[in-house]
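# Just need the structure, nothing else, for what follows:
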Amino acid sequence: MPDNQEIAALIAQRVRGLRAARAWTLDDLAARSGVSRRTLVMIEQGQANPSIAVLSSIADALGVAFVSLVELGAREQVQVVRAGEGARLWEGNDGGSARLAGSLPGTTELWEFQLSPGEEYLGSPHPGGTKELVYVSSGELTLNVVDRTLVLGPGDAATHPADVPHGYRNEGPGPVVFSNLVQYPTPQSEL
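Next comes the predicted model:
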């Protein structure tokens, strides 16, 4: 499993390369993504651990799929990601995590989340028309979408728009594990 340094170096290389391919300055990318120039400099130098929201904003501005910034290795016809091998792209303060379990190029991402009691992950709005499908494996998940709050238990699933503010919280007494399928409305370009 790659460590955070390797993932940061990969992200740095890809963001720098995509920006250069478009002949954009750091200021251009900052204006298009809403991410500060200082943060972009740190990302491109491999000195930052950007959040999923920040990477999503950068990917959207560059017109590429999120996964193209973080995917490890070359894409083969059959892809296998073993348990625990997906890139860990979010870590909560109490041991929670989000791993990119797999993707279909440019259209769909599969995430595995684990939240400890009291932890929360707030998702930034994705591009217009993006939807998410959430499936709870264990524990109790509180899903917030705009002004709705839903509580999901083991075996429950919910779909929701992901182009609006949304978040996931563990208000239960034990850990919660859930899968999140993100579907973009139109294929995002690849590298």
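# middle-most residue in this structure, spatially?
The centre of the chain sits closest to Ile52, judged by C-alpha atoms, centre = their mean, with a distance of 4.4 Å.
# Test my guess that that one contacts Leu89.
Yes - between Ile52 and Leu89 there is a contact under C-beta atoms under 8 Å: 5.5 Å. All C-beta spots, glycine's among them, are computed from the backbone N, C-alpha and C.
# shared neighbours, these two?
Ala98 (C-beta atoms under 8 Å, 6 or more residues apart in numbering).
# re the thing from before, which pLDDT does the model give the residue nearest to the centre of the chain?
Here the pLDDT value assigned to Ile52 is 79.
# May I have the phi/psi pair for Gly46?
When read as degrees, to the nearest 10, the backbone of Gly46 gives phi 70, psi 20.
# Using PDB, list the CA coordinates for the lengthiest helix in the chain.
Using DSSP state H to define each element, the chain has its longest helix at helix 4-21. Provided in PDB are the C-alpha atoms of helix 4-21 (Å, rounded to 0.1, in the frame of the first residue of the first chain):
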ATOM      1  CA  ASN A   4       1.000   9.500   2.000                       C
ATOM      2  CA  GLN A   5       4.400  10.700   0.600                       C
ATOM      3  CA  GLU A   6       4.000   8.600  -2.500                       C
ATOM      4  CA  ILE A   7       0.400   9.700  -3.000                       C
ATOM      5  CA  ALA A   8       1.400  13.400  -2.500                       C
ATOM      6  CA  ALA A   9       4.200  13.000  -5.100                       C
ATOM      7  CA  LEU A  10       1.800  11.400  -7.600                       C
ATOM      8  CA  ILE A  11      -0.800  14.200  -7.100                       C
ATOM      9  CA  ALA A  12       1.900  16.800  -7.400                       C
ATOM     10  CA  GLN A  13       3.100  15.400 -10.700                       C
ATOM     11  CA  ARG A  14      -0.400  15.100 -12.200                       C
ATOM     12  CA  VAL A  15      -1.700  18.500 -11.200                       C
ATOM     13  CA  ARG A  16       1.500  20.200 -12.400                       C
ATOM     14  CA  GLY A  17       1.400  18.200 -15.700                       C
ATOM     15  CA  LEU A  18      -2.300  18.900 -16.400                       C
ATOM     16  CA  ARG A  19      -1.800  22.600 -15.600                       C
ATOM     17  CA  ALA A  20       1.200  22.900 -17.800                       C
ATOM     18  CA  ALA A  21      -0.600  21.000 -20.700                       C
END
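# mind listing what's buried in it?
Ile7, Ala8, Leu10, Ile11, Ala12, Arg14, Val15, Arg16, Leu18, Arg19 (16 or more other C-beta atoms under 10 Å).
# With stretch 155-164 instead?
Within stretch 155-164, the residues that count as buried by 16+ other C-beta under 10 Å are Ala158, His160, Ala162.
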